[in-house]
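S.K.: my questions concern the predicted model and sequence given below.
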Amino acid sequence: MKIELSIGMPSNPNTWALLDGHVAPQGIDLVPSVIHPSELFWRQLRFGDFDVSEMSFSSFIISLSKGDDRWVGLPTFTTRPFFHTGMFVRRDSGIEAPANLKGRRVGVPEYQQTAALWNRGILHHEFYVSPPEMEFWMERVPDHSHGGATGFTPPLGVTIHQIPPEKSIGSMMLSSELDAALHYVLDNNLVDYSTVDLASHPDIKPLFPDPIAEGARYYAKTGIYPINHCMAMKRSVADKHP
Amino acid sequence: MLKAFDAANDIAEKQRLEHVDYHLRNGLLSRNAAAALRTPIVRHGIKANRTLLEAAAQYSHEQGLTDRRIALDEVFAPSTLDQ
């Protein structure tokens, strides 16, 4: 007899065959829901809505480190950009290289999200700018964030301000209240609410003038092609059906 | 479950090539582009991704988000650890 499992995940060419039923896991009837990842991880961490879901790798290991053993990971990695090549700066900020980010006001959707984890790690290891040397402004509010669901507090030495509800990373980049965006999420969902298309705005430019070249340089040097999410299954389900 | 994701991935790889088949055959894409399109990008499993997963766990600890460096065998199901 097959077991029925609900699964929440974003739609992606690498998962289409699972979503449309072309491929089915052995012995399992999957009941899929397509949900934006930012929103999905918040729902899952906070409410545990699904038997299986895609999950932020960063938020997953944070919750594990705090003793939350609700989830068992599956090593599937369907989204993989070179996140750091997507950082934006204001053209008039004087930031011409990553080292210039020291002492600057930097927007981040959520401090603990995986993309932000990679970008801080890469700024630190490749460009010698460590997190305490920047001033972070976070967009997501505790009620609707992964950090809110996992008991986030700013790490020692790191300054994180909350972006007020009437503003966003996008609006603060345009008003010069921010100099840079560590990561930027533009597609609408329940937890991210920037609406400005920074990529095509005349006042904004990418931190790396040639993002593709920087991605290739980083990969050639480190062999790392970052992942964003894995899958996580409820431990209660995994224990019952190993 | 992991097998199903691998199968879905294989289908995506195959479909990508099927979608561009006419372009490839008509010479509309350069030989470099053809080779690039045949390169599998998404690889599941721990073996293929160990270095970067350990880097992410290291960054998380260095940045004070986790109080220790989380080991991969704490994260992933025992049945997937050798895959």
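M.R.: It's in.

S.K.: any idea how chain A splits into domains?
M.R.: A:3-80+A:228-240, A:83-222 (automatic domain parsing).

S.K.: for residue 58, give me its contacts.
M.R.: In the absence of a named chain, chain A is used. A:112, A:113, A:114, A:116, A:117, B:56, B:60, B:65 (CB atoms under 8 Å, 6 or more residues apart in numbering or on different chains). C-beta coordinates here come from the backbone N, C-alpha and C atoms, glycine included.

S.K.: ah, I was thinking of chain B
M.R.: A:121, B:69.

S.K.: again with residue A:231
M.R.: A:9, A:52, A:53, A:54, A:55, A:73, A:74, A:76, B:1, B:5 are the contacts of residue A:231 under CB under 8 Å, 6+ apart.

S.K.: report pLDDT for it.
M.R.: Looking at residue A:231, its pLDDT reads 92.

S.K.: again, but for residue A:49
M.R.: 92.

S.K.: and if you look at residue B:28?
M.R.: For residue B:28, the model assigns a pLDDT of 87.

S.K.: skipping its backbone neighbours, what lies nearest it in space?
M.R.: Leaving out its chain neighbours, the residue that sits closest to residue B:28 by CB to CB, 6 or more residues apart in numbering or on different chains is residue B:22, at 8.0 Å.

S.K.: redo the contacts of residue A:231 as CSV? Include pLDDT, secondary structure and neighbour count.
M.R.: Listed next are those as CSV, based on pLDDT from 0 to 100; DSSP: H, G, I helix; E, B strand; the rest coil; neighbours: other CB atoms under 10 Å in any protein chain shown:
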residue, pLDDT, secondary structure, neighbour count
A:9, 90, strand, 24
A:52, 92, strand, 26
A:53, 94, strand, 25
A:54, 93, strand, 26
A:55, 94, strand, 28
A:73, 95, strand, 23
A:74, 92, strand, 25
A:76, 91, coil, 27
B:1, 80, coil, 22
B:5, 82, helix, 24
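
S.K.: quick one, what contacts residue 73?
M.R.: I went with chain A, as the question did not name one. Residue A:73 sits next to A:55, A:60, A:230, A:231, A:232, A:233, B:75, B:76, B:77, B:80 when contact means CB under 8 Å, 6+ apart.

S.K.: actually it's chain B I care about, not the one you picked
M.R.: residue B:81.

S.K.: host element of it?
M.R.: Element membership of residue B:73 [criterion: DSSP states H and E] is helix B:72-75.

S.K.: quick one: distance of that helix to the chain centre.
M.R.: Chain-centre distance of helix B:72-75: 18 Å, with CA atoms, centre = their mean, to the nearest Å.

S.K.: what do you get for stretch A:214-224?
M.R.: Distance of stretch A:214-224 from the chain centroid (CA atoms, centre = their mean) equals 20 Å.

S.K.: report the backbone C-alpha coordinates of it in PDB.
M.R.: These are the backbone C-alpha positions of stretch A:214-224, laid out as PDB (Å, rounded to 0.1, in the frame of the first residue of the first chain):
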ATOM      1  CA  GLU A 214      33.000  37.000 -11.000                       C
ATOM      2  CA  GLY A 215      31.000  33.800 -10.800                       C
ATOM      3  CA  ALA A 216      33.400  32.000 -13.100                       C
ATOM      4  CA  ARG A 217      36.400  33.300 -11.100                       C
ATOM      5  CA  TYR A 218      35.000  32.200  -7.800                       C
ATOM      6  CA  TYR A 219      34.100  28.700  -9.100                       C
ATOM      7  CA  ALA A 220      37.600  28.300 -10.700                       C
ATOM      8  CA  LYS A 221      39.200  29.200  -7.400                       C
ATOM      9  CA  THR A 222      37.100  27.400  -4.900                       C
ATOM     10  CA  GLY A 223      35.200  24.700  -6.800                       C
ATOM     11  CA  ILE A 224      32.100  25.900  -5.000                       C
END
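
S.K.: fine, thanks again, bye for now.
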